[in-house]
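Engineer: Have a look; sequence and predicted model below, questions after that.
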Amino acid sequence: MQQFQKQNLQQKNLNNTDKVGQIKINYYTDPLCCWSWAFEIHWQKLLAEYGGQISHNYVMGGLIPHWKNYNDPINSVTRPIQMGPVWMHASEVTQTKMKYSIWHEDPPSSSYPACIAVKTVGLQSQAAAEKYLQLIRKALMEDGQNISKPEILLSVAKTLESELFNFSTFQKDWDQGNGKEAFRNDLQKTKFHSIGRFPTLTFQNPASNKGIIIVGYRPYNILKQAFDTINASSLEQQPS
């Protein structure tokens, strides 16, 4: 899994600024989504290859509000213990390390705290928020840490300290709930566009006003094909 050093956060933050001619990508995801974790290597490869031509934004979809009324009919999941086999399957299919035993050892109660934490980091820097999302996913998927617990989220945030991120500011924002509004906006956006699966990516070319949506885990060649198709659409608008 590709990791980013703290000194690279500044450059990533610049790369995430909208520029004329860039393809806009909204990445709908959730920290508890096992398929998003497996998808990360392909997503990061796309950013490494075409980062200068892409403006991307992470939308936290709120996969599990709580378990009281949670129901995933596709995977027959209504209780935490039933999520373990889903992760096991995803791990085997994608050859990605996942500690699926967490779902019977210390199951996360909700994905909302982690989503809010990502948005709280984002109040300081979108590049830091992206790095933080990667770190809490790794803490969950590889280390088996329960990221629905505030103490785990705060512990991971401490490791993120850099020129773009101040932990004391984050803790103050977290205590005051300052990231909740941004998360509510993400939930509204997810609902408005009827996004029901993660990961989901929407590609938009502002020059041609054309778009493509990719739903679910996909390998890199599918991402590249989508990018090349939407990027080429702007050429169709130019006079011969």
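Structural biologist: Sure, I can see it.

Engineer: make it CA atoms for all contacts and neighbour counts henceforth
Structural biologist: Noted.

Engineer: Nearest residue to Leu153 in space, please, no chain neighbours.
Structural biologist: When the adjacent residues along the chain are set aside, Leu153 lies closest to Ile147, with 6.0 Å between them (C-alpha to C-alpha, 6 or more residues apart in numbering).

Engineer: ugh, typo on my part, it should be Leu187
Structural biologist: Using C-alpha to C-alpha, 6+ apart, the closest residue to Leu187 is Gly61 (5.7 Å).

Engineer: can you give me the helices for the chain?
Structural biologist: 9-15, 34-50, 83-94, 102-105, 112-122, 126-141, 150-158, 167-176, 180-192, 220-236 (DSSP state H).

Engineer: which helices and strands sit right next to the second one?
Structural biologist: Translated: helix 34-50. For helix 34-50, the packing partners by 3 or more C-alpha pairs under 8 Å, 6 or more residues apart in numbering; DSSP states H and E come out as helix 83-94, helix 126-141, helix 220-236.

Engineer: Could I have the CA atoms of it written out in CSV?
Structural biologist: In CSV, the C-alpha atoms belonging to helix 34-50 read as follows (Å, rounded to 0.1, in the frame of the first residue of the first chain):
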residue,chain,number,x,y,z
CYS,A,34,-13.3,-3.0,3.0
TRP,A,35,-13.6,-2.7,-0.8
SER,A,36,-12.4,0.9,-0.6
TRP,A,37,-9.3,-0.3,1.3
ALA,A,38,-8.6,-2.9,-1.4
PHE,A,39,-9.2,-0.2,-4.1
GLU,A,40,-6.7,2.2,-2.6
ILE,A,41,-3.7,0.9,-4.5
HIS,A,42,-5.5,1.4,-7.8
TRP,A,43,-6.7,4.8,-6.8
GLN,A,44,-3.3,6.0,-5.7
LYS,A,45,-1.8,4.7,-9.0
LEU,A,46,-4.2,6.8,-10.9
LEU,A,47,-3.3,9.9,-8.9
ALA,A,48,0.4,9.2,-9.3
GLU,A,49,0.0,8.8,-13.1
TYR,A,50,-2.5,11.7,-13.8
